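In: Show me the folded form of this:
(chains A and B)
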Amino acid sequence: MAVAAMEEEILSLRKRRQLYSLIGLLLVVAVMVSGYSKSNDMNSGGFLQGLSKFFDYPGEIVVEAWEAGPAFFGLIIQYLPAMLETLNIAAVATLLGAAMAVVLAMASTRNVDSWGPLIPVVRRMMDIMRAFPELIIALFLIFVLGSSPVPAMIAVAFHTAGALGKLFSEVNENIDRKPIEGLSACGANWLQRIRYAVMPQVAPNYLSYFLLRLEINVRASAILGFVGAGGIGQELRRTIGWGQGAGDETAAIFVLLFVTIMIIDQASSYLRGKLVGAGRAH
Amino acid sequence: MIQFQDVTKTFGSRTAVNKVSFNIDKPQMVGIIGRSGAGKSTLLRMINRLTPATSGQILFNDRDILSLKGGMMRRWQRDCAMVFQQFNLVPRLDEVTNVMLGRLNGHGTLKSLFNIFDQDDVKTALAALDRLGIAQEAPKRAEELSGGQQQRVAIARALMQDPHMILADEPIASLDPMNAKIVMDALREIHERDNKIVICNLHTLDTARTYCDRVIGMRDGFIVFDGAPAALPTDVAREINGADESFNEAATSTAIDAGKSGSQESAGVMTPAAAAG
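Out: Just a heads-up that it's a prediction; the model follows:
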């Protein structure tokens, strides 16, 4: 009957799907095995032999830090200025990037009456700004401007402007247009409408994204030290490069970095929670 | 004062306002009635230049306001204040700032970007709020106010603009009857005391009869009636509403019998005799 035919059909369909899944699984396994053996051949050491030494280096660091005793805290204090330098790079870069992002966002959202022909141009500009990782821009700028925190700051700010601009523009898409219309009817010009009808609506969300970006940029700035941009990253690269003997210093830097990022993370999520909460209450 | 000559607005193939012509020669309170989609809102928005007209002229003191551009257009927008059905205030700003925003047009861009309003602005704004009986709420955010209070803030903002006329687009459509009365009383009072033109889009004939000196009925973009409210025949009223004989307007009317509700302190004393419909 019709039901029996249907059963037949469904069963064969299921069998076929199971076969496809099996083929897919075999393909994945094949790719992974071939990839592993290929890269293992290229390595100077073997992966399996290296695996047993995986914890040797962290162990060494911990042992050396332990042997340093109370002097370990002295090391943390010693690297504090470098950490502050990194924080400084991150903060300035985030502020500059966010200021640029506000301009870019206001110029690229139809919902806030941006000038039509400019919208696709600014959007592509932001795509390009986001497409380059901070590290690439920083390498290029350090080559041009020399090793200092300034290239790092510019690199992070550039990337931040693109990333935040996109997020800000998405916030703009969701605002209520009624206040804009109300102010248009009063004869307010575009900048005045942005200031009084758009900014009050988007400010809490902008601030929340800003804090999130600050967190990300602290990590990015630390990494940029590795390519010569100063700050804690540069110190870390030096101590790791020395290998044995500098384990206590490496550990001190790790602790400092970890604690700082944790504090910023906690503080910003607390602030963002308050902001979003305040937004929801009304 | 203001002349409409063949004002037309088309959206694609649909004509929302079709060759509308009429004059307002002296300060009047004009009610425009008609069902949703009759073209009332479009007509009002064309006066304020929120919606561009397709063709025709609107002359205010012999100046074609439909051809104004840029700064001149914004100056005109300040001169014809608009009150909206959904109030269109800035929710996160306080009441007094919302009212002061009515003056943005007079301020330089740079000055207004840094939120500089002088003492005179604050004084005028508070006076406008006081006139509408909500000055005590001045520090509250607009979003914390009730609908009726928000609409009164919107009217205070309109007053702050010191306009030649006030255009009210369904000002009471989202309000309960009591607040609707307060808002309509306020508009009537502005018309009577300041001698300003008030053009008001309304859903219900009752409200138009109670408050307006003149009623313009619209249907499908055309003007089908223009005259004193008392002169509006029942069959034309039904046509405007697109209703048949079984339609009883009193069932959905938001008007309150002026005799029963007691006297308000507002100067807007209307013609209660007409409210019986």
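In: Do a quick rundown of the helices in the stretch 151-277 of chain B.
Out: Chain-ordered helices for the stretch 151-277 of chain B, with DSSP state H, counting those that start in this stretch as the definition, fall at B:177-194, B:205-211, B:234-241.
In: highest average neighbour count across the ones you listed?
Out: Ranked by mean neighbour count under mean count of other CB atoms under 10 Å in any protein chain shown, the helices of the stretch 151-277 of chain B are led by helix B:205-211, which reaches a mean of 25. Where C-beta positions appear, they are placed from N, C-alpha and C, glycine not excepted.
In: Centre-most residue in chain A?
Out: A:I216 (4.3 Å; CA atoms, centre = their mean).
In: That residue is in what secondary structure piece?
Out: Element membership of A:I216 [criterion: DSSP states H and E] is helix A:199-224.
In: Checking residue 18 next. Helix, strand or coil?
Out: I'll assume chain A. With DSSP: H, G, I helix; E, B strand; the rest coil as the basis, A:Q18 sits in helix.
In: switch to chain B, that's the one I care about
Out: Following three-state DSSP, the label given to B:N18 is strand.
In: Nearest residue to it in space, please, no chain neighbours.
Out: Distances taken as CB to CB, 6 or more residues apart in numbering or on different chains put B:G221 closest to B:N18, at 3.8 Å, once the chain neighbours are dropped.
In: May I have the phi/psi pair for that neighbour?
Out: Backbone torsions of B:G221, given as degrees, to the nearest 10, read phi 90, psi -10.
In: Would you confirm that it contacts B:G37?
Out: No: taking CB atoms under 8 Å as the contact criterion, B:G221 and B:G37 are not neighbours in contact, 9.1 Å apart.
In: between the two, which one's more packed in?
Out: Higher neighbour count among B:G221 and B:G37: B:G221, with 22 against 15, using other CB atoms under 10 Å in any protein chain shown.
In: what's the pLDDT at that one?
Out: As predicted, B:G221 sits at a pLDDT of 90.
In: Average pLDDT for the helix or strand harbouring B:V99, rounded please.
Out: Using DSSP H and E, the element containing B:V99 is helix B:95-100. pLDDT averaged over helix B:95-100 equals 92, rounded to a whole number.
In: Kindly report the same for stretch B:116-130.
Out: When the per-residue pLDDT values of stretch B:116-130 are averaged, the result is 89.
In: any idea how far that stretch is from the chain center?
Out: Between the mean C-alpha location of stretch B:116-130 and the chain-wide mean there is a distance of 22 Å, by CA atoms, centre = their mean, to the nearest Å.
In: Could you list the buried residues of it?
Out: Neighbour-count burial for stretch B:116-130 flags B:F117, B:D121, B:T124, B:A125, B:L126, B:A128, B:L129 (criterion: 16 or more other CB atoms under 10 Å in any protein chain shown).
In: Restricting to C-alpha, output it in CSV.
Out: Taking C-alpha atoms only, stretch B:116-130 is exported to CSV below (Å, rounded to 0.1, in the frame of the first residue of the first chain):
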residue,chain,number,x,y,z
ILE,B,116,25.0,74.6,25.4
PHE,B,117,21.6,76.0,26.0
ASP,B,118,21.6,79.4,27.8
GLN,B,119,19.5,80.4,30.8
ASP,B,120,17.0,82.1,28.5
ASP,B,121,16.3,78.8,26.8
VAL,B,122,15.8,77.1,30.1
LYS,B,123,13.4,79.8,31.2
THR,B,124,11.4,79.7,28.0
ALA,B,125,11.2,75.9,28.1
LEU,B,126,10.0,75.9,31.7
ALA,B,127,7.4,78.5,30.9
ALA,B,128,6.1,76.4,28.0
LEU,B,129,6.0,73.3,30.2
ASP,B,130,4.2,75.3,32.9
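In: What lies in contact with it?
Out: Counting by CB atoms under 8 Å, 6 or more residues apart in numbering or on different chains, stretch B:116-130 makes contact with B:95-97, B:99-100, B:103, B:107, B:135, B:137-138, B:153, B:156-157, B:159-160, all of which sit outside it.
In: please redo it, this time with the cut-off set to 10 Å
Out: Among residues not part of stretch B:116-130, those counted as contacts by CB atoms under 10 Å, 6 or more residues apart in numbering or on different chains are B:95-104, B:106-108, B:110-111, B:134-138, B:152-153, B:155-162.
In: List buried residues within those residues.
Out: With neighbours counted using 16+ other CB under 10 Å, the contacts of stretch B:116-130 contain these buried positions: B:95-104, B:107, B:134-135, B:137-138, B:152-153, B:155-162.
In: Just give me the neighbour total for residue 9.
Out: Reading this off chain A. A count of nearby residues for A:E9, using other CB under 10 Å, gives 10.
In: Wait, chain B was what I had in mind.
Out: Neighbour count of B:K9, defined by other CB under 10 Å: 22.
In: wouldn't the residue nearest to the centre of chain A be in contact with A:L167 here?
Out: No: using CB atoms under 10 Å, A:I216 and A:L167 do not qualify as a contacting pair, with a distance of 11.7 Å.
In: Just confirm B:F87 is within a helix.
Out: No: according to three-state DSSP, B:F87 belongs to no helix; its state is coil.
In: confidence score at the residue of the stretch 1-150 of chain B found nearest chain A?
Out: Relative to chain A, the nearest point of the stretch 1-150 of chain B is B:N88 (3.1 Å; CB to the nearest CB). pLDDT, the model's per-residue confidence, is 93 for B:N88.
In: For the stretch 51-200 of chain A, which residues are neighbours of chain B?
Out: Within the stretch 51-200 of chain A, the residues that sit near chain B (CB under 10 Å from any CB of the partner chain) are A:176-200.
In: again, only using 6 Å
Out: Residues of the stretch 51-200 of chain A lying close to chain B by CB under 6 Å from any CB of the partner chain are A:178-179, A:181-182, A:185-188, A:191-192, A:195-197, A:200.
In: among the residues you listed, which are in helices?
Out: Here DSSP state H is the test, and these give A:K178, A:P179, A:E181, A:G182, A:A185, A:L191, A:Q192, A:P200 as lying in helices.
In: Can you tell me which helix or strand of chain A has the lowest average pLDDT?
Out: Across the helices and strands of chain A, mean pLDDT, DSSP states H and E gives its lowest value to helix A:47-51, namely a mean of 73.
In: Would you pull up how far it lies from the middle of the chain?
Out: On the basis of CA atoms, centre = their mean, helix A:47-51 sits 31 Å off its chain's mean C-alpha point.
In: which among the buried ones among the contacts of stretch B:116-130 are in contact with chain A?
Out: Counting by CB under 6 Å from any CB, the subset of these that neighbours chain A consists of B:L101, B:G102, B:L104, B:Q161.
In: which residue ranges form the strands in the stretch 51-200 of chain B?
Out: B:55-60, B:63-64, B:80-83, B:165-168, B:197-202 (DSSP state E, counting those that start in this stretch).
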